[in-house]
Every structure is written in structure tokens, then in C-alpha cells.
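A.B. asks: Mind looking at a prediction? Sequence and model below.
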Amino acid sequence: MYAEKLARKADDGRAASAPAAPAAGVVSTAALPVATPGTPDAAVSADPAAKVSSSVDDLLRLIAAQLGTEVAFVNTFDGENRRFRNLVSTIDLPIAAGDVTPRAGTYCQLIADEALETVVPDARAHPLVKDLPITQVLGIGSYLGVPLHRASGELYGTLCSFSRTPDPGLRERDSDVLTAIAATVMRLIETEDSDATQRHAVLARLQRLFDGGGPRIVYQPIVRLHDLRTVGVEALSRFPPTP
């Protein structure tokens, strides 16, 4: 009974104060995130990806403001599909960030293939895109886009901007705005991708730990040597063997 009261007291003390540094050979679980099957990463810890995505969105708003366009977005290519990774818009659209659509028959694919100029002042008069279904679906009037490449040179996707009205004032030099910002966008994205890979690896290890029944908390008595009385308890984490 006395040991149980001490254990409860020790638990209360830990809840009321910051955790002390663990003794040598003792693994503290106080700083470990809590993972639950099906729980989004953002619920496990403060997600740095959210900060990166916000920074990319800010750059997209800068692009739209500099070019006088209504929509700006980043596409990432995945096999035969493209995903709208980031998208900002001042108009209602049938697409949103996170949407996945086929790459074929899109301005982005044509730009990646170098089949379409990086600046299209009047999409409805351009022979290559005027009859594309995407032109009508999104109501594209003018369009700018440049390919995005990873530091390795691998094609990542595209950085694009458009409006629903033609803009005869657009010139090839206007795509320089996209090109200049594209390098910064890719640095942010690659930083996020690297962080996400590490984060998912840690979460996967934690999930395997939880699935294996760990960590298990055990209590070890703290004994006063001169009279061998139990004066406290130490909570320790016991981890199952690594497969």
C-alpha cells in the first residue's frame, strides 16, 4: 500500500513539473509523441510542413500580385497524374490544393514537354490549347508556366499562373518572375520532403513499437541504504525486442 501511494505521488509530481533528464541507461518517454493508428501527422506534433506550405502559398500570392493574375499553383507529377500541391486563387475554381488529375491534355504537361511557350497571352486564340477541355473547364484566358526541377535535375512538376481573361500585355520576360521564384519554391519543397521522410520514418518506428506492446512502464524501488527502507520509486520504460 505504501509503495502504491509513493507511485501515485511520483506520477503526480511528474505531471506537475517538467521532466528531469533521465539517468544513464534509462529511456524517458516524456518527450515522445503519441501516435494513434489513423492519426494524421499534424496531430502527433507541430507539423513543420504546414509552415513550408504557408511559405509556398505566400510566394504564389507574390507571383499573382507581380503578374496581375488570378490563380497561381504548384503541380507535382506522379506517374501519369499531377497533384495540385499548392494553389492560391482570387476566383472560384473547380479545383483545389490536393486534387489529383491526369497529366495528359494539360498546359503543365505541354510546358514540361517544351511543346508550349512559357507565356500564353491569349489561350482562346492559341492553336495548341484553345480546344483543350481544360481551357474551357478552368476558363483560362492567359497562362504562364515553367517546369520545376529538383536539385538533382529530376523533373518535379510545374509552377504556373493564369487568369480568366486574355492579357495581350504579357511578354516572354514575364515568365522570368516564375523562373526566379521557382528556385526558392523548390528549396522549400525539398526541405519539406526531407523532413517528411524523416518524420514518417520515426512515426513508423513508433507504430511498430506500439504494435509490439511497448513501451511498458515498470516501477523500480528506490532504497535508502542505511536502513534498506523504500523511500520512492523510479518509473522506467521497457521496450520489446526489436524484430
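C.D. replies: It's in.

A.B. asks: all strands for this protein, in order.
C.D. replies: Taking DSSP state E, the strands of the chain run over residues 71-78, 81-89, 100-102, 119-120, 142-149, 155-163, 216-224, 229-238.

A.B. asks: Select, out of these, the one closest to Thr179.
C.D. replies: Thr179 sits nearest to strand 142-149 of all those, at 5.4 Å, using Cβ to Cβ. Using the backbone N, CA and C atoms, a C-beta is placed for each residue, glycine as well.

A.B. asks: Give me the mean pLDDT for the closest one.
C.D. replies: Throughout strand 142-149, pLDDT has a mean value of 97.

A.B. asks: okay, the angle between that strand and strand 71-78?
C.D. replies: With axes from the mean of the first three to the mean of the last three Cα atoms, to 10 degrees defining the directions, strand 142-149 sits at 40 degrees from strand 71-78.

A.B. asks: got the buried residues for strand 142-149?
C.D. replies: 142-148 (16 or more other Cβ atoms under 10 Å).

A.B. asks: Give the buried residues for stretch 228-240.
C.D. replies: Within stretch 228-240, judged by 16+ other Cβ under 10 Å, the buried ones are 232-233, 235-237.

A.B. asks: Would you format these as JSON lines with distance to Leu178 and pLDDT included?
C.D. replies: Below are the buried residues of stretch 228-240 laid out as JSON lines (distance: Cβ to Cβ, whole Å; pLDDT from 0 to 100):
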{"residue": "Gly232", "distance to Leu178": "64", "pLDDT": "92"}
{"residue": "Val233", "distance to Leu178": "63", "pLDDT": "92"}
{"residue": "Ala235", "distance to Leu178": "56", "pLDDT": "91"}
{"residue": "Leu236", "distance to Leu178": "56", "pLDDT": "88"}
{"residue": "Ser237", "distance to Leu178": "51", "pLDDT": "85"}
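
A.B. asks: got JSON lines for those residues, with distance to Val137 too?
C.D. replies: Formatted as JSON lines, these follow (distance: Cβ to Cβ, whole Å):
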{"residue": "Gly232", "distance to Val137": "69"}
{"residue": "Val233", "distance to Val137": "66"}
{"residue": "Ala235", "distance to Val137": "60"}
{"residue": "Leu236", "distance to Val137": "61"}
{"residue": "Ser237", "distance to Val137": "55"}
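
A.B. asks: I'd like to know which of those is nearest to Asp113.
C.D. replies: Nearest to Asp113 among the buried residues of stretch 228-240, with distances taken as Cβ to Cβ, is Ser237, at 54.7 Å.

A.B. asks: Can you tell me how far the spatially closest residue to the closest one that is not a sequence neighbour is from Leu206?
C.D. replies: The shortest distance from Ser237 to any non-neighbouring residue, by Cβ to Cβ, 6 or more residues apart in numbering, is to Pro215 (4.2 Å). Counting by Cβ to Cβ, to the nearest Å, the separation of Pro215 from Leu206 is 10 Å.
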